[in-house]
Every structure is written in C-alpha cells, then in structure tokens.
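Chemist: Let's see this in three dimensions:
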Amino acid sequence: MDGKIVGTAAVAALTYLAVYFVVPRVAVGPAFYFLTILSWVILIIVLFIMGKRGGLSLLRMNFSRDVIMLGVSVAIFQIVVLFGSGVIMGFGRNPYSLTPYGITVNILTFSSAIIALEFARATIISGCSKRGMLWKIAIIAFLFTIFYLPPSSFIYLSGGLEVIKFIGSAFIPTLAVNLFATFLVALGGPSSSILYLTVIEAFQWISPILPNPTWTVKALIETLVPSFGFLIVSQFESRYKLIRTGILRRGDLMRHRLKRGGGFGAWVAVAIALLIILWVPTGLFGFQPTVVAGESMTPFMKMGDVAITVSTNVENLKGGDVIVYMRQGSQQLIIHRVVEISKAVSGYTVVTKGDANNAADPPIIVSGAVSKVVYLIPQVGWASIYLKAWVSEAGAALAANALLIYSALVLLFGAFSIVCYKYYMGTRRRFSV
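Modeler: Below you'll find the predicted structure:
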C-alpha cells in the first residue's frame, strides 16, 4: 500500500483522536473551540506540505466547475427536500448560537473540519491506482464516515435498538454522503466535496429554523438524495472522464452508453432495502420482532425464537395473551402470558406468568398500549443472542481498559504515521534522483 495513503489516514486519525478525546479534557469554553479549530488547521497545513513535496496541488486537483455545480445542486436539493418534510411535519428552532460571535465560531469549526478531512480524502485518492476505483471509493467513504461521526454517537450505545437506530439514523446517511463526496473528489477534486458538504453543514448550523421530521424520514432523505447524486453526476459527466479516473472501465463503455448510471442505481436500491431492514425492529411498520432470550415460556416459546408483536390497547387484552413488557427501572424485556387482568385507578392491573415458571410475576400497572405476541418464527434469533453476548463482553473489556487502549492507539498511530511519511519521502527522493 502507498505510504502516502497510510500516512494521510494515520495523520487524519490522530487529529480525530485529538479533537474528540484530548481537547475536551484540557480545554473548556472559548479555548475548546480555539484548540479544535487549531487541530484541523494543523492537519490542513500538514497535508499542504505533504502535497507540495509530492507534486500534488490540492486546490487544483481534478478541478471541474461542472462537478462543483452538480455537487452544490445536490446539496441545495437535499435542503429543499428537508424543508418540504418540515412543511408537513413541522419546524423547530436551531439549537446552536445565532449571535454574530456564535455564528463565526461555528462556521470556523465546521469549515476547518470539512477542509481538513476533504484534503485528506483527496490526498488518499491521489495515491490510489485507477484499477478497481469504485471499490476504493467505497473503502475511503467508509473510513471518512467514521471521521465525520463523533465518538459520542456510537461508543455509549447500550442496547440493540439503540445500535439499530444509530445505524439507520446516523451511520447509513453519513456513509451515503461520504460515498457521494468521495465520488465528487475523484471527478472534481476536493473543491467540489468541500462546497457540497459546506452547503449542507451551513444550513444545519446557521438557519434560524430547522425541519423537524421523524428520524426515519430524515434518514431516508439524507440517504436517498446523495444516492441520486451518483446518478445525476454520472449522467452529466463525460464517460471518457469516468474511464480516465478509473470509475468506468473501457470494456463497459458500450454498456455505459446504453444505460448510464445503471451501476449506481443498484446502490440506491441497496440503500433503501437496508434502511427498511433496519427500520423493522423499531416498530415503524406496525409490528416489532423480539428475540426470546430465556426458557421461561417453554414449550410455547423456545430460546432463540423470534416473537412478532403488535401494539394493542390494554383494554383488549384477555387471559392467555402473551405480552412483551419491561418493569420500571429495568431494561430487561419480559415475554410472559397474561393470567389475570383487572381495572385499577390509573389503568389496569396485569398479572403475568411464564408457562415454565411455578409462580406468577408481581403485578404491573398498565395504561395505554402494550406489545402483544401474534406470531412466532422458530430459532432464527440465535445470531442476535450470540452477537449481543459478544458485544457485551467486548464492551466490558474496552470499558475496563479504555485509558490503556486509547494511549496505545495514539502511540501506534503516531509511530505509524512517522514511519509511513519517512518511507514516502524516501521513495520520492529515490525516484527524483
């Protein structure tokens, strides 16, 4: 692998760690924002120096006004669609400071991060060979998806539904944006992706009011619009430029002429299908799957079965129904059969019992709707049980050794970036002699 690619990724990762782990520990208030901006500016300077010594002009790389305009148009279209969702679902006030000082600090913060990361993305792409460029775009997009997500959005996830919601509401939309941004860099240089991302971020940080759609609608918009951006850019860009950048192979020229953008249409279909799969466990479609993780309901339910539940008003429950609930103060799901139900002052008193248990559960007070089991899918939930156990064990190990792991990562990335940089500069000197 090219030393420039690994070195750039390592330096960007070091900056990411510094911004999200070091700066918050050593600074607060204005000093926090100053050090955050300074960290990104230092990365920009380092990348400029690396590029200059390697004969790469980041500002001129693949510069294309057409690609820039297409990228900005996609960003504006995304904002328009989000505003349309706000007309239907309502608007909310921007939580960020809108004072002149606050706006200035916010602009400097997000713009410095975007410029630094997009220069890093461009440097990595410039070091890639043209062969298999689409796969490389996907890998680079995945890496920068992590860089664009703050660690707080994923390291504190506590349960399966939280993980699913994070993947559906944050990871996949951010991945879609980064796939399109990487595509723009490959065709039009970092200027195109910087402007594309700046328009989107400026709207989020500066607009006095923001659309307030549900997270599922927002995730759908933020996934589909960049995906359609692939189709738009591939339609308007010259097929010969797509061949020159390695995105299209010469053997695909006739196929491309007949059906431009067909390969990118597959990404749109995959993105929609993946979002739908992720939304199912949230109950968005009126039903919700729950994995049976115990044996208290045998032989009716066995460990590893998946119970399909629907929301039912407690008034419609009767003895013999199986419901899913959590006791107050507990995160553990209970799937037991209703053995007694009676009217209470503030709802209904419901007593449940596991079919395999000798004693009934303590009564619970229920008002409103409950989750009632309507269907069972046998033995398809074992993968979820094993995965949850592995994640729990891994999370406990990471939490117990967080400081040690973090220190080791910082030292590793630092040493690795120095070695790669020296290797890259040494190789360049040999070829320049």
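
Chemist: gap between Ile295 and Ile335?
Modeler: One correction, residue 295 is Glu, not Ile. Between Glu295 and Ile335 the distance is 11 Å, computed by C-beta to C-beta, to the nearest Å. Placement of C-beta: from N, CA and C, glycine included.

Chemist: Which pLDDT value goes with Ala138?
Modeler: Reported pLDDT at Ala138 in the predicted model: 86.

Chemist: Now the phi/psi pair for it, please.
Modeler: Dihedral pair for Ala138: phi -60, psi -40, per degrees, to the nearest 10.

Chemist: Pull the number of nearby residues for it.
Modeler: For Ala138, the neighbour count with other C-beta atoms under 10 Å is 16.

Chemist: and if you look at Phe63?
Modeler: 14.

Chemist: element containing the nearest residue to it once chain neighbours are set aside?
Modeler: Setting aside the residues directly before and after it, Phe63 is nearest to Gly189 in space (C-beta to C-beta, 6 or more residues apart in numbering), at 5.0 Å. Assigned by DSSP states H and E, Gly189 belongs to helix 172-206.

Chemist: quick one: the helix or strand following that helix to chain centroid distance?
Modeler: Later in the chain than helix 172-206, the nearest helix or strand by DSSP H and E is strand 209-211. Computed by C-alpha atoms, centre = their mean, to the nearest Å, the chain-centroid distance of strand 209-211 equals 21 Å.

Chemist: still on that earlier bit, can you name the residues that contact the residue nearest to Phe63?
Modeler: Residues in contact with Gly189 (C-beta atoms under 8 Å, 6 or more residues apart in numbering) are Leu58, Leu59, Arg60, Met61, Asn62, Phe63, Ser64, Val67, Ala122.

Chemist: again, but for Gly294
Modeler: Met303, Ile335.

Chemist: now it, what's its secondary structure?
Modeler: Secondary structure, DSSP: H, G, I helix; E, B strand; the rest coil: Gly294 is coil.

Chemist: and stretch 207-224, which residues are buried?
Modeler: Ser207, Leu210, Pro211, Pro213, Thr216, Lys218, Ala219, Leu220, Ile221, Glu222, Thr223, Leu224 (16 or more other C-beta atoms under 10 Å).

Chemist: Show me the helices in the stretch 1-150 of the chain, by range?
Modeler: 3-17, 23-26, 30-53, 65-89, 100-126, 133-148 (DSSP state H, counting those that start in this stretch).

Chemist: Can you tell me which of these is most buried?
Modeler: helix 3-17 (a mean of 22; mean count of other C-beta atoms under 10 Å).

Chemist: Please export the C-alpha coordinates of it as CSV.
Modeler: Output in CSV follows, covering the C-alpha atoms of helix 3-17 (Å, rounded to 0.1, in the frame of the first residue of the first chain):
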residue,chain,number,x,y,z
GLY,A,3,2.9,5.1,2.2
LYS,A,4,1.2,8.4,1.3
ILE,A,5,-2.2,6.8,1.7
VAL,A,6,-1.5,5.1,5.0
GLY,A,7,0.4,8.2,6.3
THR,A,8,-2.5,10.5,5.4
ALA,A,9,-5.1,8.2,7.1
ALA,A,10,-2.9,8.0,10.2
VAL,A,11,-2.5,11.7,10.5
ALA,A,12,-6.2,12.3,10.0
ALA,A,13,-7.0,9.6,12.6
LEU,A,14,-4.6,11.3,15.1
THR,A,15,-6.3,14.7,14.5
TYR,A,16,-9.7,13.0,15.1
LEU,A,17,-8.5,11.5,18.3
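
Chemist: which strands and helices sit next to that helix?
Modeler: helix 30-53, helix 100-126, helix 133-148, helix 402-432 (3 or more C-beta pairs under 8 Å, 6 or more residues apart in numbering; DSSP states H and E).

Chemist: Repeat the analysis, applying 6 Å as the threshold.
Modeler: The contact analysis (3 or more C-beta pairs under 6 Å, 6 or more residues apart in numbering; DSSP states H and E) places helix 3-17 against helix 30-53, helix 100-126, helix 402-432.

Chemist: Where among the ones you listed is average confidence lowest?
Modeler: Among the helices and strands packed on helix 3-17, helix 402-432 carries the lowest mean pLDDT, a mean of 55.

Chemist: Format the buried residues of stretch 207-224 as CSV; extra columns: distance to Asn94.
Modeler: Below are the buried residues of stretch 207-224 laid out as CSV (distance: C-beta to C-beta, whole Å):
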residue, distance to Asn94
Ser207, 6
Leu210, 5
Pro211, 11
Pro213, 15
Thr216, 22
Lys218, 15
Ala219, 20
Leu220, 22
Ile221, 18
Glu222, 17
Thr223, 23
Leu224, 24
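
Chemist: More neighbours: Glu295 and Ile335, which one.
Modeler: Just comparing Glu295 and Ile335: by other C-beta under 10 Å the higher neighbour count belongs to Ile335, 24 against 14.

Chemist: Since that was my last question, I'll sign off now.
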